[in-house]
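[1] Quick one: sequence plus predicted model below, questions after.
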Amino acid sequence: MERKQTSYLLWLTIFLGFGGLHRLYNGKIATGVLWFFTWGLFGVGQMVDLLLIPDMVDEHELRRRMKYGLLYDPSQPVVTRTLEPPQLATPQAPLRIQLLKAAQARGGKLSVTQGVVDTGADFAEVEAELTAMAKKGYAGIQNDPNTGVVLYDFHEL
């Protein structure tokens with residue numbers, strides 16, 4: 001917090017004719033020199049910096065800590081994490097089985113979109129799987145008379 005206060009005090013030196021001292025203080029040498037010789041970019045840059053000083057100070061502090069390997073900040077609370085055992089994935093039924101169950105729940109008829117919603121698979125995957133089942137004779141392909149949507153009709157379900 002002291003560094004921010006000092007930066008704001010140095011910012012005020014613009015009224016004494018010295019702009020950019022706050023930038024030099026926070027390690028922004030090139031722009032600090034530019035601000036110094038142009039009176040804070042004719043006052044405009046100095047006014048903008050009034051809002052940027054907190055970030056400037058935080059950035060300088062972070063660079064300084066990284067430079068000296070002081071990533072620990074005593075002003076921040078220490079966060080500890082406990083390691084939990086990894087969760088084992090439950091085996092998921094193959095896409096073909098998931099699609100058959102989805103069709104069974106809908107009276108033996110299934111659209112690609114319904115298959116995507118029920119399985120969570122990609123549209124291309126679902127369409128390819130349904131088309132493969134239709135080519136092998138497990139399902140017929142028809143259009144819904146009301147909407148025109150392509151439906152895969154599983155006769156045995």
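    Received it, and whenever you're ready, just let me know what you need.
[2] Where is the longest helix in this structure?
    helix 44-67 (DSSP state H).
[3] Export that helix to CSV, keeping only CA atoms.
    Extracted in CSV, the C-alpha atoms of helix 44-67 (Å, rounded to 0.1, in the frame of the first residue of the first chain):
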residue,chain,number,x,y,z
VAL,A,44,-3.1,14.1,-20.9
GLY,A,45,-0.9,11.0,-20.2
GLN,A,46,-0.5,12.2,-16.6
MET,A,47,-4.3,12.3,-16.1
VAL,A,48,-4.7,8.9,-17.6
ASP,A,49,-2.0,7.6,-15.3
LEU,A,50,-4.1,8.7,-12.3
LEU,A,51,-6.3,5.7,-13.1
LEU,A,52,-3.5,3.4,-14.1
ILE,A,53,-1.2,3.8,-11.0
PRO,A,54,-2.7,0.8,-9.0
ASP,A,55,-2.1,-1.6,-11.9
MET,A,56,1.4,-0.1,-12.5
VAL,A,57,2.4,-0.6,-8.9
ASP,A,58,1.0,-4.2,-8.9
GLU,A,59,2.8,-5.0,-12.1
HIS,A,60,6.1,-3.6,-10.8
GLU,A,61,5.8,-5.6,-7.5
LEU,A,62,5.1,-8.8,-9.4
ARG,A,63,8.1,-8.3,-11.7
ARG,A,64,10.3,-7.5,-8.7
ARG,A,65,9.2,-10.6,-6.8
MET,A,66,9.7,-12.8,-9.9
LYS,A,67,13.1,-11.4,-10.4
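[4] average pLDDT for that helix?
    Averaged across helix 44-67, the pLDDT comes to 88.
[5] In terms of secondary structure, what does it contact?
    helix 2-11, helix 21-25, helix 29-37, helix 39-42 (3 or more C-beta pairs under 8 Å, 6 or more residues apart in numbering; DSSP states H and E). All C-beta atoms are positioned from the backbone trio N, CA, C, and that covers glycine.
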